[in-house]
Structures are given as C-alpha cells and as structure tokens.
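A.B. asks: Build me a model:
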Amino acid sequence: MRDCSARSKFVRSWLKQASRAKVKICFALCAAVVIFVIFFGHCAIRFFQELYAMGKCPLNYNEKLKSQNELDSSLDLWSRVDVQTCTKWGAPIMWEGTFDPGDFDRHHIQKRTSVALTVFAIGRYLEVYLKEFLKSAEQYFMVELPVTYYIFTDIPEFVPKVKLMKQRHMKVIQVKNQKRWQDISMLRMKTIADFIESHIQHWHQYIFCFDVDQVFVGRFGSEALGETVGLLHAFYYRSHVKDYTYDRNPESAAYMVTGDFYYHAAIFGGTWQGVKNITEFCHQGIMKDKEKNIEALWHDESHLNKYFWLHKPSKVLSPEYCWSTIIGFRFDIRVHRLLWATKFYDILRT
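C.D. replies: All right, here's what the predicted structure looks like:
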C-alpha cells in the first residue's frame, strides 16, 4: 500500500510539473510572437498573412474555363496550384505560368487592337513620377500593340518629352487642380467617363487607367485585356474577407458587408464600354455621398470595389501586376510587372 501511495504522489507531482512546463512553453511562444510583431512590424504581419491560404479555383482538376474568349479558355490554370487561378463566377486570375504571352499578342495584333492608357499627373505628382512612369511604360506596357497615353494634368507645359516607339502616341489634356488629393482621385472617374464618350471610344477598343506613382518593371501585356479588369490588392490578396477595408458606413453608396476580393484602384481597365460603365457608376456613387456630406473610406477605390461586387469583372489580375516592395518576398510572386514607386505623401499631399 505504501508503494502505491508513493507512486501516486510521484505521478501527481510529475503531472503538476508537466502542466507548469506546458504553461511556460505556451507563455514563451506567445511572448516570442508578440516580440516578433513589435520589432518587425509590417514584415511580421506580412509573414503571418502568407501562412493564410488563398482560395482555390473551383473547377475540377485539369478542367478548362468555359469562356467565350478562346484565349481564356486555353489558360493552364493548374500550372499554379499554389494560388487561386480562377473565380467562382468563371473569370481567370492572371498569374505567371498560366498563359502563353505569344498567343495573346498574336491574337490582338491580328485583331488590330488599340489600347488607351489614362494617367493623372496633377501638381507635384507630375514632376516626381510622370517621366519614369512613361519611360517604363514604353519598355513594358503592351509593347506589341498601338498605345496612346492620355495624360491629364494641370500644367501641360511641364509634361516631359519621352521618346515613343512606332505606333505609340501621347496626348495631353489640361484639367483643374483641386484643393484636396481626395477630390483629384474621385473626380478622375467623371473625367475619364466624359473623355471616353467624347474621344476614346472612337479610337480604341480597350482602356487601362493607372495611378502615376508606379513604375513598370516587367511585361504588362495583352493577356491583361478583357471586358472589365480588376486588380487584386497586394496587401490583401491573402487576407480574410473580414479584414478587407470595404466602406462599412450604411449611409454611403459604397457600403459593403462582404465581397469576393479587395480590388486596388491603382489599376483598372477593360473595353471602352466596360470602363465607361465602371467610371460612371463610381462617379454617381461619389455624388450621392456628397449630397449627404459623406465620403467613402477609400474614396473612389471603395466605389470601385462596390462596382465589382455587383458586376463581376471578366478578368482579374494577380498582385504581380502591381506589387509593393514594402511587403517583401513572397514565394507565390514569381515576377514583378509593376511596382509601387516610393511614396512622398507628406510632401505631395500637402
């Protein structure tokens, strides 16, 4: 009996020590995570985000897209099992390795496709960003196709001279500056819609709209063309939908409870009719909010996300097409096509 009692005491003592050890280990691990986040800030957050799995293409393995566009139907969606390559409504998400660039270029050359690129360079943004944006676009943006750059600026005399390739043109359109950068961002929607109506629809089948504070560093080609094209935001493509920064104000026209993805307004595009629909919708939402004396959380980007929630894009671009080096290295980002330029918000937005 004494032996049993001694053994029982020993077991209880050992279990207590083991329990205390587990608590200490858990505490140490939690402390390590907190210290990691504190010392490495955004890098730590991005590290943990990468552990969050993206959704997957809902098609059966090796199944092709059923699309009226034969090129999209030929995409090799299953060459990239590490990322989501199509949406639940059957639109492709363009990633390196899923398409043959030559097939898209030959198709659009045969179709005599012409592309308009719009960019707003207002105030000091022109001096800081426009030249590098245009020079890099000449190297990498739709290089096999005729392209016209439509530059909207308040100081047309300061637009830099950039040598253009054959079949490439530049047109400068003067617009008024605004007191706030938010107003510049939001008013571009009406300006683009009006200019599509008066000019672009007569000359181009497709249009892409860009922010100026970006630099092309790799192919941004005809594979990106579609009826309506949205871009996955580099900071949110691996986040949970509850973390997307939709406008949560029920009074706003941009109000959203949930959505499919979080789209970045730095780039959107499509056919001239598709982009006209996008920009008119966003402008109407902005004006409805203005009547109530409110603004959506992320201005035109919030309204763009609402549009793509109600009217699904026919094509989605992966974050390769607009990456931020602040995020750092990601295994799934095999190429960079466009990079965020260094932001000087303290200087440029004052």
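A.B. asks: which residues in the stretch 1-150 of the chain form helices?
C.D. replies: 2-50, 70-73, 101-110, 124-125, 131-140 (DSSP state H, counting those that start in this stretch).
A.B. asks: Kindly report the same for the stretch 251-350 of the chain.
C.D. replies: 272-291, 300-310, 345-348.
A.B. asks: Asp103: which of the ones you listed is closest?
C.D. replies: Nearest to Asp103, of all the helices of the stretch 251-350 of the chain, is helix 272-291, at 22.0 Å by Cβ to Cβ. Where C-beta positions appear, they are placed from N, C-alpha and C, glycine not excepted.
A.B. asks: so what's Met165 up against?
C.D. replies: By Cβ atoms under 8 Å, 6 or more residues apart in numbering, the residues touching Met165 are 138, 143.
A.B. asks: For Leu59, which non-adjacent residue is closest in space?
C.D. replies: Cys86 (6.3 Å; Cβ to Cβ, 6 or more residues apart in numbering).
A.B. asks: domain assignment for this structure?
C.D. replies: Under the assignment automatic domain parsing, the domains of the chain span 1-51, 70-348.
A.B. asks: among those, which is nearest Cys57?
C.D. replies: Nearest of those (Cβ to Cβ): domain 70-348, 4.2 Å.
A.B. asks: where are the low-confidence patches of this structure?
C.D. replies: 1-53, 178-186, 345-350 (pLDDT under 70).
A.B. asks: same thing but at 90, please
C.D. replies: 1-55, 62, 66-70, 176-188, 342-350 (pLDDT under 90).
A.B. asks: For Asp82, the count of nearby residues, please.
C.D. replies: 14 (other Cβ atoms under 10 Å).
A.B. asks: how far away is it from Trp323?
C.D. replies: The gap separating Asp82 from Trp323 is 16 Å, by Cβ to Cβ, to the nearest Å.
A.B. asks: for Asp300, same thing?
C.D. replies: Taken as Cβ to Cβ, the span from Asp300 to Trp323 is 21 Å.
A.B. asks: Point out the most buried one among the domains of the chain.
C.D. replies: Of all those, domain 70-348 carries the top mean neighbour count, a mean of 18, counting by mean count of other Cβ atoms under 10 Å.
A.B. asks: does Pro146 really touch Ala116, like I thought?
C.D. replies: No. Between Pro146 and Ala116 there is no contact under Cβ atoms under 8 Å: 9.9 Å.
A.B. asks: shouldn't Leu77 be in contact with Thr98?
C.D. replies: Yes. Counting by Cβ under 8 Å, Leu77 does reach Thr98; the two are 6.1 Å apart.
A.B. asks: shared neighbours, those two?
C.D. replies: 85, 92.
A.B. asks: Show me the strands in the stretch 101-250 of the chain, by range?
C.D. replies: 115-120, 147-153, 168-174, 206-210, 214-216, 228-231 (DSSP state E, counting those that start in this stretch).
A.B. asks: Describe which strands the first one pairs with in its sheet and in which direction.
C.D. replies: Each strand paired with strand 115-120, and its direction, by DSSP bridges: strand 147-153 (parallel), strand 206-210 (parallel).
A.B. asks: Adding distance to Asn62, write the domains of the chain out as CSV.
C.D. replies: Formatted as CSV, those follow (distance: least, Cβ to Cβ, whole Å):
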stretch, distance to Asn62
domain 1-51, 27
domain 70-348, 6
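A.B. asks: how much space between the residue lying closest to Lys315 once chain neighbours are set aside and Phe141?
C.D. replies: Nearest residue to Lys315 in three dimensions, chain neighbours excluded: Gly226, at 3.3 Å (Cβ to Cβ, 6+ apart). Separation of Gly226 from Phe141 (Cβ to Cβ): 16 Å.
A.B. asks: wait, doesn't Trp272 sit right on Ser198?
C.D. replies: No. Using Cβ under 8 Å, Trp272 makes no contact with Ser198, being 11.6 Å away.
A.B. asks: what do the two both touch?
C.D. replies: Counting by Cβ under 8 Å, 6+ apart, nothing touches both Trp272 and Ser198.
A.B. asks: In this structure the residue nearest to Lys315 contacts Val275, no?
C.D. replies: No. In this structure, Gly226 is not within contact of Val275 by Cβ under 8 Å, at 10.9 Å.
A.B. asks: Spit out the residues that contact those two alike.
C.D. replies: Gly269.
A.B. asks: Could you pull up the contacting residues of Thr245?
C.D. replies: Per Cβ under 8 Å, 6+ apart, neighbours of Thr245: 236, 262, 297-298.
A.B. asks: and of those, the nearest to Leu126?
C.D. replies: Among the contacts of Thr245, and counting by Cβ to Cβ, the member closest to Leu126 is Trp298, at 23.3 Å.
A.B. asks: need the contact list for the closest one.
C.D. replies: By Cβ under 8 Å, 6+ apart, the contact set of Trp298 is 245, 247, 265.
A.B. asks: Any figure for the gap between the first one and Tyr307?
C.D. replies: Here the distance between Thr245 and Tyr307 works out to 16 Å (Cβ to Cβ).
A.B. asks: go on, Asp82?
C.D. replies: Using Cβ to Cβ, one obtains 29 Å as the distance from Asp82 to Tyr307.
A.B. asks: Same question for Phe281.
C.D. replies: Taking Cβ to Cβ as the measure, Phe281 falls 5 Å from Tyr307.
A.B. asks: Also Phe104?
C.D. replies: For Phe104 relative to Tyr307 (Cβ to Cβ), the value is 25 Å.
A.B. asks: Nothing else from me, thank you.
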